[in-house]
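Peer 1: Whatever this is, show me its structure:
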Amino acid sequence: MKEFNGNSRPSARAAFVAFGWLNLVLGMIVTFVPVMPSMVFILLSLWCFSKGSERFHTYLYQHKIFGPPLRLWSEHRVIPMRAKVGTVVGILFSVVVLVAMTPEGSTLLFVYSGINAVAILFVLSRRSTPPVESVQEVAQPA
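Peer 2: Below you'll find the predicted structure:
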């Protein structure tokens with residue numbers, strides 16, 4: 001696990017914790033909305049908790065559902081194939097909905113599609129599995 005590197009000022013820690021919880025709740029809500037990727041909010045909440053609360057950071061990092069993908073990203077910059085497929089399908093679905101709802105030739109459509117194309121390229125350019133060395137380290141503890 002990455003080390004806790006919290007802030008020493010109580011007011012800053014409280015702000016990070018509050019913003020972390022806000023992002024965690026948003027991440028859980030947008031899990032059911034195909035237009036927004038939930039993992040962005042979960043990653044942001046993990047970062048906020050790493051600055052504000054070791055307890056919440058550890059809880060989220062070791063969570064039964066959110067923990068494994070967070071650890072894969074944090075330790076290896078890996079996005080599992082299932083998450084990639086879900087992300088790309090969600091993005092494409094949101095673009096199709098936007099195309100159906102916006103007037104032809106709308107600038108918004110082009111900007112939104114361009115941003116989503118970059119997001120898809122980023123997601124697809126990440127590895128889907130951790131490096132072999134790290135898998136062997138997990139399988140054979142020292």
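
Peer 1: So which residue is dead centre in this protein?
Peer 2: The centroid of the chain falls nearest to Met39 when counting by C-alpha atoms, centre = their mean (2.7 Å).

Peer 1: dump the residue contacts of that residue.
Peer 2: Contact criterion C-beta atoms under 8 Å, 6 or more residues apart in numbering gives Gly27, Pro69, Ala83, Thr87 as the residues in contact with Met39. C-beta here means a position set from N, CA and C on the backbone, and glycine is covered the same way.

Peer 1: Can you say which helix or strand has it in it?
Peer 2: Element membership for Met39 (DSSP states H and E) is helix 38-52.

Peer 1: now the helix or strand just after that helix and helix 38-52, what's the angle there?
Peer 2: Per DSSP H and E, the first helix or strand lying C-terminal to helix 38-52 is helix 54-61. Orientation note: helix 54-61 sits at an angle of 150 degrees relative to helix 38-52 (axes from the mean of the first three to the mean of the last three C-alpha atoms, to 10 degrees).

Peer 1: Does the residue of the chain positioned farthest from its centre lie in a helix or a strand, and which?
Peer 2: Taking C-alpha atoms, centre = their mean, the residue of the chain most remote from its mean C-alpha position is Glu104, at 32.3 Å. Secondary-structure element containing Glu104, defined by DSSP H and E: none, the residue being outside all helices and strands.
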